[in-house]
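J.: I'll drop the sequence and a predicted model, then ask my questions.
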Amino acid sequence: MTCAELVELVTAFLEGSLDDETEQRFVEHLAICDGCEIYLEQMRRTIGEIGQLPADSLSDQTRDKLLDAFRNFPRDD
């Protein structure tokens, strides 16, 4: 698994919705990649701090801008 793949799957991992094989690959990648381990911990802390935002708390335009920003964020693989 690459770092980019892990980033794409982190939400599903945290929600426990990955299939067994993908989860195993995710965990194996974490074991060898300090950067992704740090990223996962940052995501856990962020979720713990802000919890969940109601879906209707963002306008469609703001939601789309945020999703575009995350999709286009430069990644080191």
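T.: Yes, it's here.

J.: ok, and the closest non-adjacent residue to Leu6?
T.: Leaving aside its chain neighbours, Leu6 sits nearest to Cys36 (5.0 Å; criterion: CB to CB, 6 or more residues apart in numbering). Glycine gets a C-beta too; all of them are placed from N, C-alpha and C.

J.: again with Ile47
T.: Ranked by CB to CB, 6+ apart and with sequence neighbours excluded, the top spatial neighbour of Ile47 is Leu14, at 7.0 Å.

J.: Flag every buried residue along the strand or helix carrying that neighbour.
T.: With elements delineated by DSSP states H and E, Leu14 resides in helix 3-15, which encompasses its position. Using 16 or more other CB atoms under 10 Å as the burial criterion, the residues of helix 3-15 that qualify are Leu6, Val7, Leu9, Val10, Phe13.

J.: ditto for stretch 21-40
T.: Buried residues in stretch 21-40, counting neighbours by 16+ other CB under 10 Å, are found at Phe26, His29, Leu30, Cys33, Cys36, Tyr39, Leu40.

J.: Please list the outside residues in contact with it.
T.: Residues outside stretch 21-40 that contact it (CB atoms under 8 Å, 6 or more residues apart in numbering) are Met1, Thr2, Cys3, Glu5, Leu6, Val7, Leu9, Val10, Phe13, Leu18, Asp76.

J.: start to end distance for it?
T.: Using CA to CA, to the nearest Å, one end of stretch 21-40 lies 19 Å from the other.
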